[in-house]
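Colleague: I would like the atomic coordinates for the input below:
(chains A and B)
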2 protein chains.
Amino acid sequence: MTPEEFRRYGRQVVDWIADHQERIESYPVLSRARPGDVLAGLPAHPPERGEGFEAVLADLDRVVMPGITHWQHPGFFAYFPSNATGPAILGDLLSAGLGVQGMLWATSPACTELEIRVLDWLAELLDLPARFRSDGTGGGVIQDSASSAALVAILAALHRADGGTAGRDGVTRRHTLYISSQTHSSLEKAAKISGIGSANVRVVDADPLTLAMDPAHLDALLAGDAAAGALPVMVCATVGTTSTTAVDPVPAIGEVCRRHGVWLHVDAAYAGVAAVCPELRWINDGLAEFADSYATNPHKWLLTNFDCTAMWIADRAPLVGALSILPEYLRNQATASGEVVDYRDWQIPLGRRFRALKLWSVIRWYGAEGLREHVRTGVRLAQDLAARIAADPRFELLEHHPFGLVCFRPRWDGLPDAEGDIATMRLMDRLNASGDLYLTHTRVGGRVLLRMAIGAPATVGAHVEAAWDRIREEAAAGP
Amino acid sequence: MTPEEFRRYGRQVVDWIADHQERIESYPVLSRARPGDVLAGLPAHPPERGEGFEAVLADLDRVVMPGITHWQHPGFFAYFPSNATGPAILGDLLSAGLGVQGMLWATSPACTELEIRVLDWLAELLDLPARFRSDGTGGGVIQDSASSAALVAILAALHRADGGTAGRDGVTRRHTLYISSQTHSSLEKAAKISGIGSANVRVVDADPLTLAMDPAHLDALLAGDAAAGALPVMVCATVGTTSTTAVDPVPAIGEVCRRHGVWLHVDAAYAGVAAVCPELRWINDGLAEFADSYATNPHKWLLTNFDCTAMWIADRAPLVGALSILPEYLRNQATASGEVVDYRDWQIPLGRRFRALKLWSVIRWYGAEGLREHVRTGVRLAQDLAARIAADPRFELLEHHPFGLVCFRPRWDGLPDAEGDIATMRLMDRLNASGDLYLTHTRVGGRVLLRMAIGAPATVGAHVEAAWDRIREEAAAGP
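Modeller: Numbering: from 1, shown residues only, chains lettered A, B, ... in the order given. A predicted model of the protein is given here:
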């Protein structure tokens, strides 16, 4: 494709995206495609001759769009938001257009140094501890996901705990990892990947009401495991769990970790970015004193398109120790000088895209002010919704909702628990089939709750109100 | 950013990229930035108020561009190519614009089904075995890198070898992994990550001339390790090594693997895509009979921007067995039905972008014909260069150069080996400092070789000729 052709088709694609943004409410949020529908619309064999880009755009509309669940739709309240905004998309486009590879500082110095600076900026915006900044022993890095951040944290923690023995000789003794029943499933996945084993993931009790990890039980488990000869590797505390945005007591957990000499990773994938607002900075409690590593996802609620997980580490030495290998073909003067950061040693893959560009674009376009406003809007809409639910006697609200997620269920008066849960799931399916909104569910104390996560940039009060009206009407129709 | 603003700034960014493509030869290939230069040009603190996108573009030119090493420059001959073409960039832009997340089939069915179809297309284009297609027990998936593909292959292999014991209880016995000295460093990294340990990576002899893995030595190592109580997990054969594009004898290695019941992963990260050309399909020898998993990178030589590693597996069951975890908040009817693929179970992270769009755009824009032409151009330019080097008595050529990489060195007549190697490195540094070309190096048999990898879409014969003239002149100036 020549530069002139790129100019022409590039404008078409930009217009296609702008049009799509303008007409997104005309699509059902949740795709109505059944398994195999999209496959059936695609030719079985690749083309022998090249086609014009118009053909790609036509098939995008005809075949792909009916199979899209619209994460950017203002009625998308499922999972967590996955903000994709203009400046982020354009930052990503610049990254694709430059086509550079930042595995080493030397392979494009700006790719590394812009990332260092932007992660320092974000640490400042979130008021994160000074030891996470690049001018000390620590630093920030962009990972593809909080899953990968957790895996990388485990590897660094393991390296610190055993001086690199497991990386060299394998995980030959029992290593243990500490989570609660509310911790994200990626931690168990990381235990499987890292050779620790899912059976060595110790599940600390969570308070039945707050769903927060119990530090006393953690303390007991750590003591018992160490006495039994295990090597405790890492504790993962969560600020804003996936199920209900529960917040673990990081200061108390941190004290336990310090006493046992165990690495503390804080997974704030969804909620961490809320600390752009001073009134929400209580979520950082304990980080400065105790956190060895921390992750939050600008690609959820901070206006930056996936993938962009911001991870910070207080001491980069065990991370690099766990992940660095230097074959001849990657040797270069800058690396040898020790003056530079080579981000390949901070992540699982070798290659890396220039993801800092999109975060840089977002922070500059919105400014601290704009970021705060976006988070505040989500919180305000969620609080308004929660107030309506609390005021409706036919619904039960989960009391904890400090961010953009509200969990609730119809009471289904008279129905036994199990049947009520089935009715709630059926209600959700009917709502999602409407195409106007998309909710997901969770279980707390065995009971099904609907999750309504607010925070898409396109969502305004009217969307939340319409969704709530719809939910009430649909629930009023009966189980 | 409103859709109208996106339209306006989107056009500016498209034009910026097209302009950049047109003027790319005016930049030095290798950035002249010194450590800290880019950092020094960036404000220490984030902006309080949002800025216009013009400010971002202005700073891109002022601060970022001097720190860019231009992977798309026609004089970029370092590492391997990292093709970023128009249709790929636009496919990626569509993915960012849609902003969907394909962790589950249900979270955007088209994201999964287009990937299934496009990977089947690519398997057909490369003439890969039928058992890698989605209609059997196997299937294809896009990973971020060949590093991650290798890690995922190890986890699947481990799951098959021990029935899931390590995933559950941890890597409690000695597991072994087989590579050669020429295998990519990501395999050793994966051994560290997966808890196998770098000391349990067994290095099979490579032939000193062809640098190909010795199947007889592999056989002996496997027998000895098993007899000593280790559990051999996986053998990684390489088609086109990073150092010199050496090709391991896959059929003979495969027979050894089958005899020992060990998983065979074939890493064809760079060279695999060359099989679009029938005359290069010899690189697939042994895949149909023996390969359990296979990876090649369209993001290197097949016109698709990073990240896009195509990975196929002959049996998806052990892969899903190794990586699947289903928390309540991810449960859905489609997953429960067993009718769909949930790609989160095929990869390390949970979340995933819609990367199939860019590969789809590339295959449709170029067609099979265009893909073959691109690979053939790279091979032809490399063969022409090799012939010139072979004809120049002042240079020594590595005989093996079937793809786009040519390795060579000046003879530096009269200089002892060690001094010759220093002279070769100095020559490379002078050439790279010129800004006109960028080469990297490797070592074979202890001696330094220059690597010149041809395959950037912008590179034509004149660029290779100019580079070779420059190399000769610079070498003629003496050590």
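
Colleague: may I see the buried residues of the lowest-mean-pLDDT helix or strand in chain A?
Modeller: The weakest-scoring helix or strand in chain A, judged by mean pLDDT, DSSP states H and E, is helix A:333-337 (a mean of 87). Using 16 or more other C-beta atoms under 10 Å in any protein chain shown as the test for burial, helix A:333-337 gives A:334-335. Placement of C-beta: from N, CA and C, glycine included.

Colleague: contacts for that helix, please.
Modeller: Residues from elsewhere that reach helix A:333-337, judged by C-beta atoms under 8 Å, 6 or more residues apart in numbering or on different chains: A:104-106, A:109, A:326, A:340, A:342, B:35, B:429.

Colleague: export those as TSV, with columns for distance to A:V239.
Modeller: Shown next, in TSV, are the contacts of helix A:333-337 (distance: C-beta to C-beta, whole Å):
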residue	distance to A:V239
A:L104	33
A:W105	32
A:A106	36
A:P109	34
A:L326	36
A:V340	32
A:D342	30
B:P35	35
B:D429	48
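
Colleague: run a quick neighbour tally on A:W468.
Modeller: 20 (other C-beta atoms under 10 Å in any protein chain shown).

Colleague: residue contacts, it?
Modeller: Per C-beta under 8 Å, 6+ apart, neighbours of A:W468: A:385, A:388-389.

Colleague: repeat that for 10 Å
Modeller: A:384-385, A:388-389, A:392, A:395, A:406, A:408, A:437, A:452 (C-beta atoms under 10 Å, 6 or more residues apart in numbering or on different chains).

Colleague: mind checking what secondary structure the closest residue to A:H159 other than its chain neighbours has?
Modeller: Counting by C-beta to C-beta, 6 or more residues apart in numbering or on different chains, A:H159 lies nearest to A:A322, which is 3.9 Å off, once chain neighbours are set aside. For A:A322, the assignment made with DSSP: H, G, I helix; E, B strand; the rest coil gives helix.

Colleague: mind checking pLDDT for A:A322?
Modeller: If you check A:A322, the pLDDT there is 96.

Colleague: surely it and B:G195 touch.
Modeller: No - with contact defined as C-beta atoms under 10 Å, A:A322 does not count as touching B:G195 (11.5 Å).

Colleague: so which of the contacts of helix A:333-337 sit within helices?
Modeller: A:109, B:429 (DSSP state H).

Colleague: just the buried residues out of the contacts of helix A:333-337, in PyMOL syntax.
Modeller: Buried residues among the contacts of helix A:333-337 (16+ other C-beta under 10 Å), as a PyMOL selection:
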select buried, (chain A and resi 104+105+106+109+340+342) or (chain B and resi 35)
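
Colleague: would you map the helices across the stretch 201-350 of chain A?
Modeller: A:215-227, A:250-260, A:287-290, A:298-301, A:317-323, A:333-337 (DSSP state H, counting those that start in this stretch).

Colleague: let me fix that: the stretch 1-150 of chain A
Modeller: Going by DSSP H, counting those that start in this stretch, the stretch 1-150 of chain A shows helices at A:3-22, A:37-40, A:53-59, A:86-98, A:109-125, A:146-162.

Colleague: please save the CA atoms from the longest one in CSV.
Modeller: As requested, the backbone C-alpha atoms of helix A:3-22 are provided in CSV (Å, rounded to 0.1, in the frame of the first residue of the first chain):
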residue,chain,number,x,y,z
PRO,A,3,1.6,6.3,1.2
GLU,A,4,-1.1,7.9,-1.1
GLU,A,5,-3.3,4.8,-0.8
PHE,A,6,-2.7,4.8,2.9
ARG,A,7,-3.9,8.4,3.1
ARG,A,8,-7.0,7.6,1.2
TYR,A,9,-8.0,4.4,3.0
GLY,A,10,-6.8,5.8,6.3
ARG,A,11,-9.4,8.6,6.0
GLN,A,12,-12.1,6.1,5.1
VAL,A,13,-11.2,4.1,8.2
VAL,A,14,-11.1,7.2,10.4
ASP,A,15,-14.5,8.2,9.1
TRP,A,16,-15.8,4.6,9.6
ILE,A,17,-14.8,4.8,13.2
ALA,A,18,-16.2,8.3,13.8
ASP,A,19,-19.5,7.1,12.1
HIS,A,20,-19.4,4.0,14.3
GLN,A,21,-19.0,6.2,17.4
GLU,A,22,-22.0,8.3,16.3
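
Colleague: how much distance is there from it to the middle of the chain?
Modeller: Relative to its parent chain, helix A:3-22 has a centroid offset of 29 Å by C-alpha atoms, centre = their mean, to the nearest Å.

Colleague: what do you get for stretch A:76-90?
Modeller: With C-alpha atoms, centre = their mean, you get 12 Å for stretch A:76-90.

Colleague: would that stretch count as contacting chain B?
Modeller: Yes - Stretch A:76-90 reaches chain B (C-beta under 10 Å from any C-beta of the partner chain) through A:76, A:78-90.

Colleague: may I have stretch A:184-192 as CSV, with CA atoms only?
Modeller: Output of stretch A:184-192 as CSV, limited to C-alpha atoms (Å, rounded to 0.1, in the frame of the first residue of the first chain):
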residue,chain,number,x,y,z
HIS,A,184,-9.0,-12.6,40.4
SER,A,185,-8.7,-16.0,38.7
SER,A,186,-5.5,-14.9,37.0
LEU,A,187,-3.6,-15.5,40.2
GLU,A,188,-4.5,-19.2,40.2
LYS,A,189,-3.7,-19.2,36.5
ALA,A,190,-0.3,-17.7,37.3
ALA,A,191,0.3,-20.3,39.9
LYS,A,192,-0.3,-23.0,37.3
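
Colleague: for the residue of the stretch 51-200 of chain A found nearest chain B, give its distance to A:T459.
Modeller: Nearest to chain B in the stretch 51-200 of chain A, going by C-beta to the nearest C-beta, is A:G195, at a distance of 1.7 Å. Distance of A:G195 to A:T459, computed by C-beta to C-beta, to the nearest Å: 42 Å.
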